[in-house]
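> From the sequence below, what's the structure:
(one chain, ligands or ions: 1)
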Amino acid sequence: MKVFHLSVECYPVAKVGGLADVVGALPKYQTKLGWEAAVVMPWYNRPFVRDHDFSLVHEGTFYQGSELLNYGVYKENKNTLGFELYLIKIPGKLDREEVYCYPDEGEQFIAFQHAVLNWFKEKNIIPTIVHCHDHHVGLVPFLMKYSNDYNFLADVKTVATVHNGQYQGWTHWSKAILLPAFDSWKWGLLDWDGLINPLAALIKCCDAYTTVSEGYLEELYVEANGLQHLFYDERHKSVGIVNGIDWEIWDPEIDYTLMENYGTEQAFAGKLKNKQALAQQYKINPKLPLLVFIGRFATEKGADLLPDIILNLTAEYRDRLSIFILGAGDPVIQSRVKSLVDDGIENFDVFFGYDENLAHWLYASADFLLMPSRVEPCGLNQLYAMKYGTLPIVHRVGGLKDTVIDLENDGYGVGFDGLAITEITEAIARAINFYESKKQFEGNQRKMMCLDFSWDKSAAKYISLYNQII
Ligand code: ADP
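The predicted structure is shown next:
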């Protein structure tokens, strides 16, 4: 039994967000459950690729429109990640540093998908399952069934995982010429509202689709950036499986990036040491509880609300809270946050950019993690936070609703239902008050750290789904 995961992100090779964390962990846990698992992703000019040994296992060519593309398939020699890792390199297309945002990214994704199928064909690779993650590889199940060259894979079962249904890979029909030749009677499977929609094609053509939490699945039936009817119509083959966290990487007892490691019994003291070290580099007060936000500056994440939340908080809770923001993205949001830093607000600091180690350090140093997301398919931040004994304060949507039970309901976190600044401030005030009842707060830290959001359970659910469809 062998599953090939197709994805454009995989931690630690190339990470932009949660997709990478999932694809870097799930195959490892599937391997432990007795399946062979492999990840196939584009080649990136990044440290992991430069620092590890790869062997060229296949070379081939194909036409993308009138352009003849050469590709190479590189296998990582030592299975360092706990599974087979293959990178597809195409000079001029898949040999760059960034994962997204190139003007020709649609063509890059088509080239990646075509190269994978061409490699399967030339090497006669017949997987048990092809598992496609998000729209970037959304054309694969269609091409496996209806393209002239690759329909030898028509009987291979395909699973789609929707990590984020907002992004769908819309492509103008004039680009259809770039796809491998396919049965033109089937064009409707690629189409949604007059465009090629790879996410829609994925959902229509896969054997089963999953979302990264049950709550998000329910939400997609109602609102999915135009695809809600499709998700609803195809619900017979859907299942919500919440993400896990990789305890080999995310565990405060062994996390090598921390200033101080700690287990459940020394959580408060261990976290304090991390916070004190943080306060030596950044403008926060280690004597106060620390609230952090970690994430993309996007409206989806509610990052646009941060400046107003901070202004509101600093007026009312100036002496009772430090705040730290780690993020990058939308320049308008970034400049509004920067102007708060420039105003010299006390006990408040920011790091603009992407910094994996700093993220770990913040989960360990913080007392509260704020997630005012408008959309949250699963959300990994709150899971990492809880594992590090940090109280999540979350908007009750998607996976946040599924994974964070409120203190008021005998749970361990703080939730809010609306995104009015007053409502969010009230939730934060509730957390500050709770922090001040020290004994209960520390008891809750231990409770959160013992919650089981491991991959073992979720990986087993994926395997049972595979078994159902084969
Ligand atoms: P997304 O929608 O961005 O994928 P997730 O919650 O699923 O959201 O995953 C976010 C992941 O990206 C987490 O591992 C989080 O720690 C990490 N992350 C987000 N922004 C940053 C940043 N600026 N620096 C470091 N890590 C970040």
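> CA atoms for contacts and neighbours, from now on please.
Fine.
> per-domain residue ranges of the protein.
The chain breaks down into these domains under automatic domain parsing: 2-244+456-469, 264-452.
> Now do the end-to-end distance for the shortest one.
With CA to CA, to the nearest Å as the measure, the first residue of domain 264-452 is 14 Å from its last.
> right, is it up against the ligand?
Yes. Applying CA under 6 Å from any ligand atom, one finds domain 264-452 in contact with the ligand at 294-296, 326-328, 353-356, 359, 379-381.
> now the first one
Yes. Judged by CA under 6 Å from any ligand atom, domain 2-244+456-469 and the ligand are in contact via G17, G18, L19.
> which one is the second one nearest to, not counting chain neighbours?
Spatially, and ignoring its direct neighbours in sequence, G18 is nearest to L380 (6.5 Å; CA to CA, 6 or more residues apart in numbering).
> Now do the one you found, the pLDDT please.
Note for L380: predicted pLDDT of 97.
> Y317 now?
Confidence score, pLDDT, at Y317: 81.
> do the one 3 residues further on as well
Note for R320: predicted pLDDT of 92.
> Can you classify it as helix, strand or coil?
coil (DSSP: H, G, I helix; E, B strand; the rest coil).
> Likewise for the one 5 residues further on?
Assigned by three-state DSSP, the conformation of I325 is strand.
> And the residues of domain 2-244+456-469 next to the ligand, which is closest to T61?
L19 (28.8 Å; CA to CA).
> residue contacts, the closest one?
Neighbour list for L19: E9, C10, H133, H163 [criterion: CA atoms under 8 Å, 6 or more residues apart in numbering].
> at 10 Å instead, please
7-11, 133-134, 161-164, 212, 380 (CA atoms under 10 Å, 6 or more residues apart in numbering).
> can you tell me how far it sits from L370?
L19 is 20 Å from L370, by CA to CA.
> cool, and E248?
25 Å.
> what's M449 in contact with, if anything?
Neighbours of M449 in contact, by CA under 10 Å, 6+ apart: 251-252, 263-265, 267, 383-390.
> in terms of contact count, name the helices or strands touching the helix or strand containing G215.
Secondary structure from DSSP states H and E places G215 in helix 214-222. Helices and strands touching helix 214-222, as assessed by 3 or more CA pairs under 10 Å, 6 or more residues apart in numbering; DSSP states H and E, comprise strand 157-162, strand 208-211, helix 228-233, strand 238-240, helix 398-403.
> ok so, going back, and the contacts of M449, which are buried?
251-252, 263-264, 267, 383-390 (16 or more other CA atoms under 10 Å).
> could you redo the residues you listed as a markdown table and give each row distance to N225?
Shown next, in a markdown table, are these (distance: CA to CA, whole Å):
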| residue | distance to N225 |
| --- | --- |
| D251 | 36 |
| P252 | 37 |
| G263 | 42 |
| T264 | 41 |
| A267 | 41 |
| L383 | 26 |
| Y384 | 28 |
| A385 | 29 |
| M386 | 30 |
| K387 | 32 |
| Y388 | 34 |
| G389 | 35 |
| T390 | 32 |
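> Restricted to helices, list those.
Judged by DSSP state H, the buried ones among the contacts of M449 include A267, L383, Y384, A385, M386, K387 as members of helices.
> Buried residues, stretch 239-256. List them.
So, applying 16+ other CA under 10 Å, buried residues of stretch 239-256: 239-247, 250-253, 255.
> and of those, the nearest to V57?
Using CA to CA, the buried residues of stretch 239-256 come closest to V57 at D246, 29.2 Å.
> State the distance from the closest one to A208.
24 Å.
> next one: I469
8 Å.
> what touches both of the two?
K157, T158, V159, K237.
> May I have the secondary structure class of A201?
Classified using three-state DSSP, A201 is helix.
> where do the helices sit along the stretch 51-200 of the chain?
Using DSSP state H, counting those that start in this stretch, the helices of the stretch 51-200 of the chain run over 105-122, 140-146, 198-205.
> Can you redo those as JSON lines, where the extra columns are distance to N70 and mean pLDDT?
Listed next are the helices of the stretch 51-200 of the chain as JSON lines, based on distance: least, CA to CA, whole Å; pLDDT from 0 to 100:
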{"stretch": "helix 105-122", "distance to N70": "9", "mean pLDDT": "98"}
{"stretch": "helix 140-146", "distance to N70": "19", "mean pLDDT": "98"}
{"stretch": "helix 198-205", "distance to N70": "24", "mean pLDDT": "98"}
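> Now tabulate those in TSV and tack on distance to I463 and mean neighbour count.
TSV is the format used below for the helices of the stretch 51-200 of the chain (distance: least, CA to CA, whole Å; neighbours: other CA atoms under 10 Å):
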stretch	distance to I463	mean neighbour count
helix 105-122	22	20
helix 140-146	19	25
helix 198-205	19	26
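> what is F324 paired to in the beta sheet?
Beta-bridge pairing of F324 under DSSP bridges involves V292, D349.
> what number of residues lie near it?
Neighbour count for F324, taken as other CA atoms under 10 Å: 21.
> same deal with the one 4 residues further on?
By other CA under 10 Å, 18 other residues sit near A328.
> for A364, same thing?
Count around A364 with other CA under 10 Å applied: 33.
> and V394, what helix or strand is that in?
Using DSSP H and E, V394 falls in strand 391-395.
> Between the two ends of stretch 129-142, how far is it?
End-to-end for stretch 129-142, by CA to CA: 14 Å.
> Mind listing the residues bridging to F62?
In beta-bridge terms (that is, DSSP bridges), F62 pairs with L69.
> thought it was touching I110?
No. F62 sits out of contact with I110 when judged by CA atoms under 10 Å, with a separation of 11.7 Å.
> Overlap in contacts, these two.
P180.
> and which of the ones in helices among the buried ones among the contacts of M449 is nearest to the ligand?
Comparing these against the ligand with CA to the nearest ligand atom picks out Y384 as the nearest, at 7.7 Å.
> before we move on, back to that, nearest to L153, of the buried ones among the contacts of M449?
For these, the nearest to L153 is L383 (37.3 Å; CA to CA).
> So that closest one is in contact with G244, correct?
Yes. When contacts are counted by CA under 10 Å, L383 is listed as touching G244 (8.0 Å).
> can you list residues touching both of those two?
Common neighbours of L383 and G244 (CA under 10 Å, 6+ apart) are D452, F453, S454.
> can you list the residues you listed in JSON lines and add neighbour count and secondary structure?
Formatted as JSON lines, the shared contacts of L383 and G244 follow (neighbours: other CA atoms under 10 Å; DSSP: H, G, I helix; E, B strand; the rest coil):
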{"residue": "D452", "neighbour count": "13", "secondary structure": "coil"}
{"residue": "F453", "neighbour count": "20", "secondary structure": "coil"}
{"residue": "S454", "neighbour count": "15", "secondary structure": "strand"}
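> Of those, which one scores lowest on pLDDT?
S454 (91).
> distance of the closest residue to the ligand within the stretch 51-200 of the chain from L139?
Here the stretch 51-200 of the chain gets closest to the ligand at one residue, N164, 7.2 Å apart by CA to the nearest ligand atom. Distance of N164 to L139, computed by CA to CA: 16 Å.
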